[in-house]
Each structure stands twice: as structure tokens, then as C-alpha cells.
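Undergrad: With the input below, show me the fold.
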Amino acid sequence: MDVADVSHLGGLLSCSVHPQEQRWGAPAVFMPSKRKRSDVSSMNGGGEGENRGAAASLPTQTPARKHNGFVMIDGHRGVYYSESWKPNGSTLYLPVRGSVLANMDKYDQISFEQGCFCIGDEAGRFQQKAQGQAINCWRYSEQDRKLFVALSYFFTNCQVFQEVLNSLECL
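TA: Below is the predicted model of the structure:
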């Protein structure tokens, strides 16, 4: 996975997220190519007989907008989660208690889906099927050499889902 690509994973729209690459529509920021060790002294203005103006000739880049990677998820407004996602639609989502700060930087890919999902109570018992949208947070397993859904959030409240999407666009 190179630059933040938009692809389909089993029919789900997804967006790869990596540090120093394009994030949710923000401009990409790339580091300059590596320099040889011998070039370091000229970059610092040191070294005998070397060009002390070499650092001034490098193109300047605008600094990337600083972000913390956290998204606020308000569990009091119809939000559920699952840490055992299943691709066949039988995932049981449990209610999110309170407000959660989700660290989206630790995930390699984010995907979205909508449809009917199973929701349960706080004890983990099935209650009903509900219509809504889900955000799946994917991580890469070095051992299995594949992506897996580490955490999934399900939203029955469309307004809360839109608030989270807006927060993701700011990352």
C-alpha cells in the first residue's frame, strides 16, 4: 500500500491511512529523498571547503497541519462497537458507554459500510437488528500477512455518524 489509495475490499469502500501521506483529502506531505552521509556536513554548514549555502538552495516545504489523530465518539447517541467483526453480517455490536476518543492513527485502513447490523445489550445478548452505518478500522497482521478489522463502530444515529466523518476529514 503506497499513497493513500481508495480501493474496494470485498465491496466496501476503503481508504488507506499512513503517516506522511494523504489523509482524507488533505494535501500530501512527503519527506525529501535521503541524503548520503557525506552531504550532512554541507547541510549543517560545516566541513572545510564545502558550500555553506547548500542548505539555502533546498526547496522549502510548508509544514503539515498538526493533528492528534483522535476522533470523539459520543456513545450516548446510538453508537455501538465490536472487536470481533465477521464479514458475513453476523457481527454483534455492543453499546459504547460514555464518550470515547478513538485513536485513528493506529489503524492502517478505514472502510465504511451501511445496512442492517445485529446489536446487543451491555451483557452481550442479542437484542435486535438495526439499520445504520459502520466504520471498520483495519490493521495489518505481520504474522498472517493480511488486513483484519481490529475494531468496528456502528451508528444508528445518522447525525452522529456525520459528525465522526467530519472529524475524520480533518485528520
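Undergrad: rest of the way, CA atoms for contacts and neighbours
TA: Fine.
Undergrad: what packs against the lengthiest helix in the chain?
TA: With secondary structure taken from DSSP state H, the chain has its longest helix at helix 158-169. On a contact count with 3 or more CA pairs under 8 Å, 6 or more residues apart in numbering; DSSP states H and E, helix 158-169 meets strand 70-74, strand 126-141.
Undergrad: Give me the buried positions along that helix.
TA: Within helix 158-169, the residues scored as buried using 16 or more other CA atoms under 10 Å are 160-161, 164, 167-168.
Undergrad: which residues touch W138?
TA: By CA atoms under 8 Å, 6 or more residues apart in numbering, the residues touching W138 are 107-111, 147-151.
Undergrad: And those residues, which of them are buried?
TA: Going by neighbour count (16+ other CA under 10 Å), those have 107-111, 148-149, 151 buried.
Undergrad: export the contacts of W138 to TSV and tack on secondary structure and distance to N68?
TA: Below are the contacts of W138 laid out as TSV (DSSP: H, G, I helix; E, B strand; the rest coil; distance: CA to CA, whole Å):
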residue	secondary structure	distance to N68
Y107	coil	14
D108	coil	16
Q109	strand	17
I110	strand	17
S111	strand	20
L147	strand	24
F148	strand	24
V149	strand	22
A150	strand	20
L151	strand	19
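Undergrad: still on that earlier bit, please name whichever of the helices and strands packed on helix 158-169 is nearest to L101.
TA: L101 lies closest to strand 70-74 among these, at 4.6 Å (CA to CA).
Undergrad: Could you please name the strands whatever helix or strand comes next after the closest one pairs with and the direction of each pair?
TA: Per DSSP states H and E, the first helix or strand lying C-terminal to strand 70-74 is strand 79-82. Paired strands of strand 79-82, with direction, are strand 92-95 (antiparallel), strand 146-155 (antiparallel) (DSSP bridges).
Undergrad: Identify whichever of these lies nearest to C116.
TA: strand 146-155 (10.0 Å).
Undergrad: lowest-pLDDT helix or strand in the protein?
TA: The helix or strand with the lowest mean pLDDT-type score in the chain, counting by mean pLDDT, DSSP states H and E, is strand 6-9 (a mean of 38).
Undergrad: Now Q133: closest residue in space that isn't a chain neighbour?
TA: With sequence-adjacent residues excluded and distances taken as CA to CA, 6 or more residues apart in numbering, Q133 is closest to Q114, at 4.2 Å.
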